[in-house]
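Following is a predicted model, sequence given first.
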Amino acid sequence: MENIGLSASVLGLSEEQIAERREAIIAFADIGDFIHQPVRTYSSGMQARLAFAVAAHVDAEILIVDEILSVGDIAFTQKCTRFIREFRERGTLLFVSHDIGAITALCDRAVWLSGGTVVADGVPREVAHHYKAWMAGPQQHMTAQDFLETLKTAEAEATEVEAEAEAEAAVEAEVVVTQGGPDGETALVQTLDAQVQTVFRRDVLSSGEGGAKILQAWIEDARGTPVSMVNGGDLVTLCIEAEAQQTLDSLIVGFGVKDRLGQTMFAWDTTKTDLVIPPVNVGDRFRAGFRFHFPYLLGGTYTTNLAIANGTSDMYIQHHWMYDALEFHVQWSTVAQGLFGIPMDGVSLAINP
C-alpha cells in the first residue's frame, strides 16, 4: 500500500485523494497480493502496471506513456487502451512506443527519433511508412536523415511521372458523346476504365530488395469487371500483376487491407494455400488473383499494401512492398458494426425456455 501512497504523492495527490482512489488503483493494476510486497521484488512489467494505474487516477492535463501497451496480458492492454482513448478527449497524450499500429491508432501526430535527433514529424501514417521503409530496406548504411531525404526526392520524382502518365491516360480515355442532354447540351460520359485507372498508385512509398516489381493491381467483381467500390458480401477478385527482375524459385504474393487509421483489417498471401507455384524467370510477368467474398466493413475508403517476396512463410526475402498502393471504397452497410460485421445465419430468442 505504501507503494501507491508514495507514487501518488509524488504526482501531486493529497492523502485524502489517495485514500479515496486507492481501491480503484489496486483494481486497475491487478497485480494481486504483490501490491503488499516491496517494489524491489516486482518485475519490470509489474512496476509499469502499478505506475500506469497510479497515473491513470491523477487529475493530469498531460500524460506521458512509455511502452505501457507492451506489458501485461491482453486484458490489461485493452484496459490501458480504453483509458488512453478517454484521456485524449480531455488532455494531451505523449505516447512513446515502437508499436506502429498503436501509434497510428492512438495519435494525431508522430515524431520519429533516431539517436536523439528528430528524423520526421507529421501525420502518424506517413511517418510510420517512412520508418518502416527505413527498417525494411537495404539502405541501412545510410543515416535515417539521409535516407528520408533520398526517399522524399524519389517520391517527388515518382509523383511527377505518375501525374504525366495520368494526364496522357485521360486524353486517351474513351469518351462517349450523347446528344439531347439537359437544355440540349452535349453530355460527355467517361467509360469505366477511365474512371478506375487511378485506383492503383505507383508513386506510393515502397521498399524491398528489387527482385520483382509490382506493375498493377485492381479489384474485379464476379463478372471480371474492374471496380473501385465494393459491398460487404460481394464476390470479388483482388489481382496483382508484377514482373520478375531476377529468378524467383519460391514466389510469394500477398496483400493487406487497412482502414484510414492504418489498422490492418485482413491480409492474405499465397503461402496460406496449397497452390504450387513454378519458378519464375527474369523478365517473366505474372498475375496473382485472390478470389473471396468481401467482408462487411464499415463504409469509407480503404487502402491495400501489396507485396512480392521469395521464400517460405517463415523465412523469406521481401523484393517489393508497396504501401497503400491500391485504394477503394466500401459502401455503408447496416451489418457492419465495430471494425467489421458478421451476417447472422439465424437469430432466436426464447422467453422462459
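Received the coordinates, thanks. Residues are numbered from 1 along each chain as shown.

Just give me the longest strand of the protein.
Counting by DSSP state E, the longest strand found in the chain is strand 316-330.

on contacts alone, who are the packing partners of that strand?
Helices and strands touching strand 316-330, by 3 or more C-beta pairs under 8 Å, 6 or more residues apart in numbering; DSSP states H and E, are helix 124-136, strand 206-207, strand 212-220, strand 229-230, strand 251-258, strand 300-311. All C-beta spots, glycine's among them, are computed from the backbone N, C-alpha and C.

partners of the very next helix or strand once past that strand in the sheet?
Using DSSP states H and E, the helix or strand that follows strand 316-330 in sequence is strand 340-341. Using DSSP bridges, strand 340-341 pairs in its sheet with strand 296-297 (antiparallel).

quick one, phi/psi of the most centrally placed residue in the chain?
When C-alpha atoms, centre = their mean is applied to the chain, the residue found nearest the centroid is Gly262 (2.7 Å). Main-chain torsions, Gly262, degrees, to the nearest 10: phi 90, psi 10.

so how far is Val71 from Asp99?
Here Asp99 is placed at a distance of 12 Å from Val71 (C-beta to C-beta, to the nearest Å).

Looking at these two, which is more packed in?
The neighbour comparison of Asp99 against Val71 (other C-beta atoms under 10 Å) goes to Val71, with 17 against 13.

Skipping its backbone neighbours, what lies nearest the more buried one in space?
Nearest residue to Val71 in three dimensions, chain neighbours excluded: Gly45, at 4.0 Å (C-beta to C-beta, 6 or more residues apart in numbering).

how far out from the middle of the chain is the helix or strand containing that neighbour?
Assigning secondary structure by DSSP H and E places Gly45 in helix 44-55. Relative to the centre of its chain, helix 44-55 is centred 28 Å away, using C-alpha atoms, centre = their mean, to the nearest Å.

List the buried residues for the following helix or strand past it?
Sequence-wise, the next helix or strand downstream of helix 44-55 (DSSP H and E) is strand 62-66. Buried residues in strand 62-66, counted by 16 or more other C-beta atoms under 10 Å: Leu63, Val65.

Name the strands paired with strand 62-66 and say parallel or antiparallel.
With DSSP bridges as the test, strand 62-66 is paired with strand 92-96 (parallel).

Which positions within the helix or strand just after the strand it pairs with qualify as buried?
Next helix or strand after strand 92-96 toward the C-terminus (DSSP H and E): helix 100-106. Residues Ile100, Ala102, Ile103, Thr104, Ala105, Leu106 are the ones in helix 100-106 that count as buried (16+ other C-beta under 10 Å).

Do you know the pLDDT at the closest residue to the first one other than its chain neighbours?
So that's Ile100. Once flanking residues are discounted, Ile100 sits nearest to Ala128: 4.7 Å by C-beta to C-beta, 6+ apart. With respect to pLDDT, Ala128 scores 86.

Help me confirm that Ala128 comes into contact with Ala110.
Yes - Ala128 lies in contact with Ala110 (C-beta atoms under 8 Å); the separation is 6.6 Å.

list the residues that contact both of those two?
Taking C-beta atoms under 8 Å, 6 or more residues apart in numbering as the criterion, Ala128 and Ala110 both touch Ile103, Thr104.

Sketch out the low-pLDDT regions of the stretch 201-350 of the chain for me.
The stretch 201-350 of the chain contains residues with pLDDT under 70 at 332-336.

With the stretch 1-150 of the chain instead?
Applying pLDDT under 70 to the stretch 1-150 of the chain flags residues 1, 72, 136-141.

if I look at His130, how far off is Tyr316?
Using C-beta to C-beta, His130 is found at 23 Å from Tyr316.

Which one of these two is surrounded by more residues?
Between His130 and Tyr316, counted using other C-beta under 10 Å, the more crowded position is His130 (22 against 16).

Just to check, that one is in contact with Gly122?
No - judged on C-beta under 8 Å, His130 makes no contact with Gly122 at a distance of 9.0 Å.
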